[in-house]
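Enquirer: Need coordinates for the following:
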Amino acid sequence: MVCNGIDRIAQYDRVFRGKRLGLITSISGVDQKMRSTIDLLSDKYTFSALYSPEHGVRGNVAAGGVVDTCEDPYTGIMVYSLYRKDSKRFTEEMLEGIDALVYDIQDVGTRYYTFISTMYYACQECERRQMELIILDRINPLGGLVEGNILQKGYESFVGAYPLCMRYGLTVGELAGMICGEQRYSFPLTVVPVAGWNRSMLFPETGNVWVMPSMGLPRFETALLYPGTCLFEGTNLSEGRGTSAPFEIIGAPYVEAYRFAKYMNERRLPGVLFSPVYFTPSASVYAGEACEGIHIHVTDFRAYESCRTGLELMFGFRELYPEQFSFLPPLKEGSRRMAELLFGNDGIVREDVSRQEILEQYAGDSREFARRQEPYRLYE
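Expert: Here you go, the predicted structure:
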């Protein structure tokens with residue numbers, strides 16, 4: 001069985017001993033026996049503060065919901081919010097009396113997932129203070145494969161804070177090393193490594209139990225789809241939130257399920273089939289409204305191309321429903337649309353850019369990023 005960093009803390013006792021620690025974690029911060037990282041560290045070491053990313057340290061906050069600064073009801077430890085309405089950054093008060101930050105959150109290997117933005121901001125803060133950052137590394141459930149485009153300068157946001165590919169093929173420990181290397185940071189970075197994992201392994205091959213890193217990713221299959229289907233959060237389509245299959249079901253009241261499933265299956269994309277689906281979301285877009293669309297079924301985990309499939313779906317909706325389909329407007333006047341921020345450039349919203357041009361960009365960017373990340377790989 002593959003062991004994550006939290007499963008190996010006894011071997012790395014010297015890393016934690018004698019330091020006043022602050023922990024950035026979430027509901028996925030557990031060991032193989034489902035014991036919380038919060039409990040494991042607070043029982044053994046001097047543990048002064050918790051820092052909450054999106055969804056809260058206990059996973060009790062919905063996507064996009066503001067996280068409050070509060071006292072953890074189970075340990076009495078102060079929880080400081082890193083997902084406030086006005087800021088996603090640390091403050092002076094939060095880090096008072098802390099010698100080292102510890103990071104333990106299960107990532108899903110996708111650029112838009114905000115936990116890695118929080119980790120990047122922690123790197124910046126540690127560099128400013130010359131404070132140690134300890135990463136309890138975890139496997140990348142999507143393995144080491146790289147897909148999609150690289151975020152372009154000027155499109156940075158909390159759903160894309162660093163120039164990564166959409167599916168970037170690194171563990172969070174490797175990513176932290178890459179950030180430090182490329183930015184020439186000099187703060188002390190310590191990675192407690194994973195054991196027994198290699199880059200060809202997908203999550204089902206690790207022997208571990210899937211713990212939902214957020215309610216929107218209930219299964220490994222959902223995480224595999226996510227690099228492609230998260231893009232629909234920038235459109236007037238439902239991406240399945242408020243159903244039992246978020247990011248696996250895509251649709252809207254204006255979609256014809258049978259027609260669209262037939263259209264997508266005729267594309268003969270590798271490792272995937274599509275079936276018609278009829279659903280009424282209980283939350284988010286079209287809550288309480290009857291929708292039609294497609295259910296995505298991965299038939300071959302290794303052949304499946306998440307970013308390409310998401311793009312083909314996007315162009316399919318645009319071509320079959322040109323009058324009804326639209327991209328959501330910017331949240332604030334003068335800002336970029338969510339679709340652009342997720343995609344990392346404006347190509348997805350432009351009518352003069354073809355799917356073939358974007359696929360060619362995917363191929364070139366993924367080759368470039370694979371070369372760029374190579375010096376920072378910790379695992380074969």
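Enquirer: can we go C-alpha only for contacts and neighbour counts from here?
Expert: Fine.
Enquirer: Can you tell me, leaving aside adjacent residues, what's nearest to the residue nearest the centre of the chain?
Expert: When the chain is reduced to its mean C-alpha position, the closest residue under Cα atoms, centre = their mean turns out to be Y113, at 2.4 Å. In space, Y113 comes closest to V159 once its chain neighbours are excluded; the distance is 6.3 Å by Cα to Cα, 6 or more residues apart in numbering.
Enquirer: Equivalent analysis for S306, please.
Expert: Of all residues not flanking S306 in the chain, G228 sits nearest, at 5.0 Å (Cα to Cα, 6+ apart).
Enquirer: residues near the one you found, how many?
Expert: Neighbourhood size, G228 [other Cα atoms under 10 Å]: 26.
Enquirer: Could you verify that it is part of a strand?
Expert: No - in this structure, G228 is helix, not part of a strand, as judged by DSSP: H, G, I helix; E, B strand; the rest coil.
Enquirer: any idea how far L311 is from it?
Expert: Between G228 and L311 the computed distance is 7 Å (Cα to Cα, to the nearest Å).
Enquirer: ok, now Q361?
Expert: Per Cα to Cα, Q361 is found 12 Å from L311.
Enquirer: same thing with A283?
Expert: For A283, the distance to L311 under the criterion Cα to Cα works out to 25 Å.
Enquirer: neighbouring contacts of stretch 298-317?
Expert: Residues from elsewhere that reach stretch 298-317 (Cα atoms under 8 Å, 6 or more residues apart in numbering): 147-148, 166-167, 221, 224-229, 231-232, 260, 263-264, 269-273, 325, 355, 359.
Enquirer: what's the distance between that stretch and the middle of its chain?
Expert: In terms of Cα atoms, centre = their mean, to the nearest Å, the centre of stretch 298-317 is found 18 Å from the chain centre.
Enquirer: May I have the residues that are in contact with F343?
Expert: Taking Cα under 8 Å, 6+ apart as the contact definition, F343 lies against N149, L151, M166, L231.
Enquirer: and if we set it to 10 Å?
Expert: 111-112, 148-152, 155, 159-160, 165-166, 227-228, 230-231, 234, 337, 349 (Cα atoms under 10 Å, 6 or more residues apart in numbering).
Enquirer: List buried residues within those residues.
Expert: Under a neighbour-count criterion of 16 or more other Cα atoms under 10 Å, the subset of the contacts of F343 counted as buried comprises 111-112, 148-152, 155, 159-160, 165-166, 227-228, 230-231, 234, 337, 349.
Enquirer: Cheers, nothing more for now.
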